[in-house]
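**Student:** I'll drop the sequence and a predicted model, then ask my questions.
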Amino acid sequence: MSINSATFLVAAPDQPGLVARLAGFFYGAGLNIVDASNHTDLFDEGGPRFFMRLNIDLAGLSSPTATAALGGSATRSALEASFGALCTALSAEWSLRYSDDVAKLAILVTRDPACLYDLVLRQRAGEIACEIPLIISNHPTLEGVARSFQIPFYCLPVTAATKAEQERQVLELLKRHHVDLVVLARYMQILSEDFLTSAPSVINIHHGFLPAFQGAKPYHQAYSRGVKLVGATAHYATRDLDQGPIIEQDVARVTHAMGPDDMARVGRDVERLVLSRAVRAHLERRVIIAGRRTVVL
């Protein structure tokens with residue numbers, strides 16, 4: 001049964017009593033904590049750092065207890081203001097998202113349909129809670145896939161000479177459709193720093209444990225080296241190519257009897273799984289970026 005809830009993410013310098021103070025805030029407002037997890041990074045360069053995720057049932061927000069605790073106004077804005085004041089006292093960074101605020105996801109593709117199919121099917125099955133208002137590509141190859149799911153498809157070809165204009169068009173589409181998250185589902189283009197600065201969060205899938213076997217024909221490289229594992233890495237895209245904070249990784253075993261095509265088939269399976277896990281973690285507000293790393297709660 002779904003509930004009206006809010007998910008809070010908190011990052012703060014570690015200090016005694018953080019769990020008690022954060023949990024006590026919601027107890028004092030008469031709000032039930034449905035799920036909570038926390039972690040302290042003892043090895044952060046700036047000193048131990050605390051991370052916490054709290055999922056809060058908002059059913060009690062209209063109660064007299066909440067009204068009294070939140071300064072006489074039991075509204076979402078009052079909840080945010082009061083929680084923000086607490087976080088300021090704790091020198092904490094925080095964010096939240098409400099369960100009725102359904103994220104909008106844009107998928108960028110080129111020619112490979114594997115991850116596109118997987119994401120759309122998971123979304124349609126309810127495994128990934130989001131809307132997919134559009135699919136964008138630099139080639140027309142996958143237009144039929146988008147049409148079969150009745151998702152608007154935009155083909156925006158790109159060359160070195162037209163890259164800036166093409167990215168401007170992509171950004172305009174993202175803004176027009178109020179996109180919250182961009183997923184590069186084997187989109188074979190390098191995004192510019194200007195694009196990444198203006199776009200919402202971008203998740204990319206990479207064919208391997210970074211930085212192994214970069215470039216063209218990764219599975220042919222893996223075959224020539226006689227590898228026994230193939231893998232995939234999902235990470236946030238940044239201006240440093242394939243160096244963004246890693247969200248999810250996995251591997252699968254291969255054998256000497258497999259050729260490049262067999263390895264590619266196994267690799268595609270891993271890519272689909274890793275990308276869907278990363279997207280789901282982001283949408284469920286489980287990921288906190290900590291410098292070049294992530295904490296997934």
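**Tutor:** Structure's in. What do you need?

**Student:** since we're on the nearest residue to Leu241 once chain neighbours are set aside, how many residues are nearby?
**Tutor:** Once flanking residues are discounted, Leu241 sits nearest to Ile190: 6.3 Å by Cβ to Cβ, 6 or more residues apart in numbering. Every C-beta, even on glycine, is put in place using the N, C-alpha and C of the backbone. Counted with other Cβ atoms under 10 Å, the neighbours of Ile190 add up to 11.

**Student:** which SS class is Ile190?
**Tutor:** Under DSSP: H, G, I helix; E, B strand; the rest coil, Ile190 falls in the coil class.

**Student:** I'd assumed Asp240 was in contact with it.
**Tutor:** No. Between Ile190 and Asp240 there is no contact under Cβ atoms under 8 Å: 11.0 Å.

**Student:** element containing Asn219?
**Tutor:** Wrong residue type there; residue 219 is Tyr, not Asn. helix 218-225 (DSSP states H and E).

**Student:** ugh, typo on my part, it should be Ala164
**Tutor:** Going by DSSP H and E, Ala164 is in helix 163-176.

**Student:** Other residues contacting that helix?
**Tutor:** The contact list for helix 163-176, computed with Cβ atoms under 8 Å, 6 or more residues apart in numbering, reads 106, 108, 134, 136, 138, 154, 156-158, 179, 182, 191-192, 194-195, 198-200.

**Student:** change it to 10 Å
**Tutor:** 104, 106, 108, 133-134, 136, 138, 152, 154, 156-159, 162, 179-182, 189-192, 194-196, 198-200 (Cβ atoms under 10 Å, 6 or more residues apart in numbering).

**Student:** Mind giving me the packing neighbours of the very next helix or strand once past that helix?
**Tutor:** Next along the chain after helix 163-176, taking DSSP H and E as the criterion, comes strand 181-184. In this structure, strand 181-184 makes packing contacts with strand 104-109, helix 114-124, strand 131-137, helix 163-176, strand 201-206, helix 260-283, judged by 3 or more Cβ pairs under 10 Å, 6 or more residues apart in numbering; DSSP states H and E.

**Student:** Mean neighbour count and distance to Pro218 for the ones you listed - can I get that in a markdown table?
**Tutor:** Listed next are those as a markdown table, based on neighbours: other Cβ atoms under 10 Å; distance: least, Cβ to Cβ, whole Å:
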| stretch | mean neighbour count | distance to Pro218 |
| --- | --- | --- |
| strand 104-109 | 24 | 18 |
| helix 114-124 | 20 | 14 |
| strand 131-137 | 21 | 21 |
| helix 163-176 | 16 | 24 |
| strand 201-206 | 22 | 9 |
| helix 260-283 | 20 | 8 |
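
**Student:** Nearest to His235, out of these?
**Tutor:** Closest of the helices and strands packed on strand 181-184 to His235 is strand 201-206, at 5.9 Å (criterion: Cβ to Cβ).

**Student:** shouldn't the residue nearest to Leu241 be in contact with Ala237?
**Tutor:** Yes. The criterion here is Cβ atoms under 10 Å, and Ile190 meets it with Ala237 at 9.4 Å.

**Student:** remind me which residues of the chain are low pLDDT?
**Tutor:** The chain contains residues with pLDDT under 70 at 1-2, 209-215, 223-227.

**Student:** swap the cut-off to 80 and go again
**Tutor:** Within the chain, the set of residues satisfying pLDDT under 80 comprises 1-2, 208-216, 218-229, 241-242.

**Student:** Generate a PyMOL selection restricted to the buried entries among the contacts of helix 163-176.
**Tutor:** Buried residues within these, by 16 or more other Cβ atoms under 10 Å, are selected in PyMOL with:
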select buried, resi 104+106+108+133+134+136+138+154+156+158+179+180+181+182+189+191+195+196+199+200
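
**Student:** per-domain residue ranges of this structure.
**Tutor:** For the chain, automatic domain parsing gives the domain ranges 5-98, 104-296.

**Student:** if I look at Ala85, how far off is Ser5?
**Tutor:** Applying Cβ to Cβ, to the nearest Å, the value for Ala85 to Ser5 is 21 Å.

**Student:** From the neighbour counts alone, determine which of these two ranks first.
**Tutor:** Neighbour count, other Cβ under 10 Å: between Ala85 and Ser5, Ser5 has more, with 19 against 12.
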